[in-house]
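In: No sequence on hand, only this structure:
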């Protein structure tokens with residue numbers, strides 16, 4: 001697979017007192033607790049989700 005690039009995402013912000021849409025984006029990324037780290041495929045969909053909540057997540061290289 002040529003498109004096997006991955007991206008590591010860490011949750012750095014709490015979804016408390018955030019709009020429901022932002023909470024749903026975090027759940028969609030697989031994040032539900034502070035400082036949780038997940039590895040996802042580097043796709044435009046995942047990049048778009050990260051762009052919607054940049055204040056709650058951090059991309060780790």
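Out: Arrived safely, thanks for sending. Bear in mind that the values here come from a model prediction, so they are computed numbers and not experimental data.

In: where does this protein dip in pLDDT?
Out: Along the chain, the parts satisfying pLDDT under 70 run over 1-3.

In: which residues in it form helices?
Out: Counting by DSSP state H, the chain has these helices, from start to end: 20-29, 44-52.

In: Ok, which of those comes nearest residue 36?
Out: Using CB to CB as the measure, helix 20-29 is the one of the helices of the chain that comes nearest residue 36, at 9.5 Å. Every residue, glycine included, has its C-beta placed from N, CA and C.

In: Now find how far off-centre that closest one is within its chain.
Out: For helix 20-29, the separation from the chain centroid amounts to 9 Å (computed by CA atoms, centre = their mean, to the nearest Å).

In: Does anything pack onto it? Which helices or strands?
Out: helix 44-52 (3 or more CB pairs under 8 Å, 6 or more residues apart in numbering; DSSP states H and E).

In: and the angle for the helix it packs on with helix 20-29?
Out: If you take axes from the mean of the first three to the mean of the last three CA atoms, to 10 degrees, helix 44-52 sits at 140 degrees to helix 20-29.

In: buried stuff in helix 44-52?
Out: Residues of helix 44-52 classed as buried: 46, 49-50 (neighbour count, 16 or more other CB atoms under 10 Å).

In: One more: stretch 18-38?
Out: Those buried within stretch 18-38 under the rule 16+ other CB under 10 Å are 25-26, 29, 31.
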